[in-house]
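Visitor: sequence first, then the predicted structure:
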Amino acid sequence: MQKQFEGQVTIIGVAGRDEPNAMAAFVDDLAVGAFPHIADEDLQIWMQYDIRSQPSFVFIDGDGSLETVIGAMGESGLSSKITDLLAT
């Protein structure tokens, strides 16, 4: 995803509810290391964006407005959402 939209969007993974070693293993196992990841051990980022479960996505556009999607989107759903946001 990061490569597809390189230079257009910034993707950041935010992991919570686990130990840093387990989070790092998740990134390695799923080969999603092409973008940065944050270990939100105290869940402050989760609380700021009203995240209650994984997977969740927060889309923040250029004017600072945001939309939170709780649940899986799949690669095509995520790509479609980003494409739509870039078109606005």
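Guide: That came through fine. Numbers count the residues shown, from 1 in each chain.

Visitor: relative to residue 31, how far out is residue 79?
Guide: Using Cβ to Cβ, to the nearest Å, one gets 17 Å for the distance from residue 79 to residue 31. C-beta coordinates here come from the backbone N, C-alpha and C atoms, glycine included.

Visitor: neighbour count winner among the two?
Guide: When residue 79 and residue 31 are compared for neighbours, residue 79 comes out ahead with 14 against 7, by other Cβ atoms under 10 Å.

Visitor: which residues does the residue sitting nearest the centre point of the chain contact?
Guide: Nearest residue to the geometric centre of the chain (Cα atoms, centre = their mean): residue 13, 4.4 Å. With contact taken as Cβ atoms under 8 Å, 6 or more residues apart in numbering, residue 13 is in contact with 27, 32, 35-38.

Visitor: make it 7 Å
Guide: By Cβ atoms under 7 Å, 6 or more residues apart in numbering, the contact set of residue 13 is 32, 35, 37.

Visitor: same deal with residue 45?
Guide: 14, 38.

Visitor: surely it is in a helix?
Guide: Yes: the assignment for residue 45 (DSSP: H, G, I helix; E, B strand; the rest coil) places it in a helix.

Visitor: where does it sit relative to residue 10, distance-wise?
Guide: 15 Å.

Visitor: repeat for residue 21
Guide: 25 Å.

Visitor: strands of this structure, residue ranges please.
Guide: If DSSP state E is used as the criterion, the strands of the chain fall at 13-15, 37-39, 56-60, 66-70.

Visitor: please convert these to a markdown table, extending it with distance to residue 85 and mean pLDDT.
Guide: Listed next are these as a markdown table, based on distance: least, Cβ to Cβ, whole Å; pLDDT from 0 to 100:
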| stretch | distance to residue 85 | mean pLDDT |
| --- | --- | --- |
| strand 13-15 | 18 | 91 |
| strand 37-39 | 21 | 91 |
| strand 56-60 | 6 | 94 |
| strand 66-70 | 9 | 94 |
